[in-house]
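> no sequence for this one, just the structure:
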């Protein structure tokens, strides 16, 4: 899958966080945050990651309450750990929509890989799906009417199939 990076920007305006962001051209949000400098922490990796995520949620197109993502697991690595989150929508996990936050042994976030779908795109997709659903319903309703006419045509007006036996009477 080709990388869809539009530009690299310097992170600014996030208290206690500095670094760089590769912006996705398709989603217009950071796809990767790297060269991050954050303060060390003795908290559990999940708590560090959630705290960081709350700080950058708006930049990633997420709501600040993090209701769209669910913690998955902490995976130990040679360089610290990865904390993984999966995005959910309408109570269901979204396939391929993951966020990985990398934390060094001192409790500093140094990298984040973002494959989440921004909330605005999910809402736009919902609107389009509802519109498609209305069109599908109209098409289905029209098709049911047509299929009833077809069935009546094959059966005749009285609901019996026209066969040779019926034609002889």
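Here it is on my side, so go on. Computed from a predicted model, the values in this text were never measured in an experiment.
> residue ranges with poor pLDDT in this protein?
Low-confidence segments of the chain (pLDDT under 70): 1-6, 134-169.
> hmm, 80 instead?
Applying pLDDT under 80 to the chain flags residues 1-7, 12-13, 125-169.
> Strands along this structure, start to end?
Along the chain, counting by DSSP state E, strands occupy 5-10, 18-24, 30-37, 69-77, 80-89, 92-103, 109-114.
> So which of those strands is nearest residue 124?
For residue 124, the closest of the strands of the chain is strand 80-89, at 12.3 Å, according to C-beta to C-beta. Heads up, the C-betas are built off the backbone N, CA and C, glycines and all.
> who does that closest one touch, helix- and strand-wise?
Secondary-structure packing of strand 80-89 (3 or more C-beta pairs under 8 Å, 6 or more residues apart in numbering; DSSP states H and E): helix 45-60, strand 69-77, strand 92-103.
> Within its sheet, name the partner strands of it and how each one runs.
According to DSSP bridges, strand 80-89 forms sheet pairs with strand 69-77 (antiparallel), strand 92-103 (antiparallel).
> hang on, the earlier thing: can you put the helices and strands packed on strand 80-89 in JSON lines and add distance to residue 32?
Output for these, formatted as JSON lines (distance: least, C-beta to C-beta, whole Å):
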{"stretch": "helix 45-60", "distance to residue 32": "11"}
{"stretch": "strand 69-77", "distance to residue 32": "17"}
{"stretch": "strand 92-103", "distance to residue 32": "10"}
